[in-house]
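*Asks:* Sharing a model that was predicted from the sequence below.
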Amino acid sequence: MQQRDSSVVAQLWIRLTTVVCGSALLGVVLTQSGFSTRQALAGAIAAFAMGGWASAALAESTTALTFFALATLGRIAEPKSIFVGFASSSFWLVLGGMIVAQAMTKTGLGRRLAALICAPLATSYPRLIGGVVLISYLLAFLMPSNIGRIVLLMPIMLSIADQAGLTDGSKGRIGVVLATGFGTFALSTTILPSNVPNLIMAGAAETIYGVHLSYLGYLTLHAPVLGLAKAALLVVLICSLFPDRVAANTKASLAAPSSALSGEETRLAVLLAATLLLWLTEPWHGIAPAWIGLAAGAICVMPGLGMLHPDAFNAINHRTTLYVAALLGVVAVISDAGLGGAFGRVVLEALPLRSGADAWNFVMLTLLSFGISLIASANAVGAIYTPLAADLVRATGLPLTSILMIQVIGFSTVTFAYQAPPIMVALGLGNVSISHATRLGLAMTAAVLLVLVPLDYGWWRLIGAL
């Protein structure tokens, strides 16, 4: 055990050393390339933060705090830019969503909803996989935390798999775990408040361009193809790559509790319904999704309502909120230092973009977003891609909002599990090898590029987004 621990520590030190040396080397290269000292330092610090998050050399919160410390000590930007993430609506939407997610777990409403929908579908393997994907998607509308949903769903799904005769190591059990992980992350990218990369992108767009994304508009643009079509594709691929059969005498005894909703569950259900209704009707009342989600979180810990004790706020995973704030700070620093424009010029020279060739540009920008996700993980796409949007508009002639939204196609496509931390969590909880996730990821990526990207382009043209 001690030898294993030493090996893990050694690997972390190797990763950290690589990130530090790589960041320092980037700073030197920028200096030698004619960039100012401030720009070179900003690039090195941003690279350290991105590298730290992508490699997991340090905990997310540790990397975030180190970025704040280096950025302020190095005076690479004004504090109002470095800490702009704390003023962003995305930060408060994440915080409100995490409180609601904790209430879903504590009251048992999340478990009830999952079992109610999935358990009756455990009569055949394709129906079971379809049920897992369906509940993963539907729960994203109510519980805006990927990891929270996975932690809630995985024990339920594994229990149903046990009753269906899908034992440890079986293809069917692997399929159930992958359906939970991929379904939870990939499909939630179509729901604005339900995925960290979405919020990073929205926060960056708000910070740099003053663009405010609407809940319903975002859903309308992405849900038909990246949500419904991708869900169907995911079920087909899992059933093809990991075929299995459920036991003939399967009885889904893990059904929803027979007892009536408790007072806490009822109040939370009403709150969730009101929150969802307000999100959907944002074009009419004009209240941003962040403030609606924050209000829902505040109500959950309000004394007298009984859903969460105020002390439950201390149990919130504040590492994620700190990570979001720091990543938005990285975006602001890159923009303030002028690195975004410089990187944009390099990208524009390398990418064969053609003004007026909408279909070609749509594919090229999708590949750009996807490539960034491969290198720096899905969470970092918004921080790197979004500052380029203005230059990309000039190069392609596409509307700014369309340029910003194309990146969703890229970061919602997961080839390797490291691109999406929630999928890594699902693999750990389900005891499934990364190699199985890679098989599905490679097949899913090929299907997205060959099938869904053309479908998405057609849908965008149909609704006038291009």
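*Replies:* Noted; the coordinates are in hand. This one's a predicted model, so the numbers in the text were calculated from it and none came from an experiment. Numbering: from 1, shown residues only.
*Asks:* Outline the domain layout of this structure.
*Replies:* Listed domain ranges for the chain are 2-78+318-463, 89-315 (source: automatic domain parsing).
*Asks:* Can you give me the end-to-end span of the last one?
*Replies:* When you say that, I think you mean domain 89-315. End-to-end distance for domain 89-315: 22 Å, by CA to CA, to the nearest Å.
*Asks:* follow-up on the earlier one: the domains of the chain into TSV, with extra columns for mean neighbour count and mean pLDDT?
*Replies:* All C-beta atoms are positioned from the backbone trio N, CA, C, and that covers glycine. Output for the domains of the chain, formatted as TSV (neighbours: other CB atoms under 10 Å; pLDDT from 0 to 100):
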stretch	mean neighbour count	mean pLDDT
domain 2-78+318-463	19	85
domain 89-315	20	82
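*Asks:* Go ahead and confirm G131 touches T123.
*Replies:* No: in this structure, G131 is not within contact of T123 by CB atoms under 8 Å, at 9.7 Å.
*Asks:* Helices of the stretch 201-350 of the chain, residue ranges please.
*Replies:* All helices of the stretch 201-350 of the chain, identified by DSSP state H, counting those that start in this stretch, fall at 215-222, 230-241, 263-280, 282-285, 289-300, 318-336, 339-350.
*Asks:* chain center to the fourth one, what's the gap?
*Replies:* The chain centroid and the centroid of helix 282-285 are separated by 25 Å, computed with CA atoms, centre = their mean, to the nearest Å.
*Asks:* Remind me what that helix packs against, helices and strands.
*Replies:* Packing contacts for helix 282-285, counted by 3 or more CB pairs under 8 Å, 6 or more residues apart in numbering; DSSP states H and E, involve helix 215-222.
*Asks:* can you do 10 Å?
*Replies:* Under the contact definition 3 or more CB pairs under 10 Å, 6 or more residues apart in numbering; DSSP states H and E, helix 282-285 sits against helix 215-222, helix 289-300.
*Asks:* Next: the third one.
*Replies:* When contacts are defined as 3+ CB pairs under 10 Å, 6+ apart, helix 263-280 sits against helix 89-107, helix 109-118, helix 215-222, helix 289-300.
*Asks:* Could you check how far the closest residue to L305 other than its chain neighbours is from A296?
*Replies:* Closest residue to L305 apart from its sequence neighbours, by CB to CB, 6 or more residues apart in numbering: R267 at 6.0 Å. Relative to A296, R267 is positioned 12 Å away (CB to CB, to the nearest Å).
*Asks:* what do you get for T266?
*Replies:* T266 is 15 Å from A296, by CB to CB.
*Asks:* Could you export the helices and strands packed on helix 263-280 as CSV, including distance to G371?
*Replies:* Putting those into CSV (distance: least, CB to CB, whole Å) gives the following:
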stretch, distance to G371
helix 89-107, 24
helix 109-118, 35
helix 215-222, 20
helix 289-300, 29
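*Asks:* Figure out which of those helices is closest to L73.
*Replies:* L73 sits nearest to helix 89-107 of all the helices and strands packed on helix 263-280, at 22.7 Å, using CB to CB.
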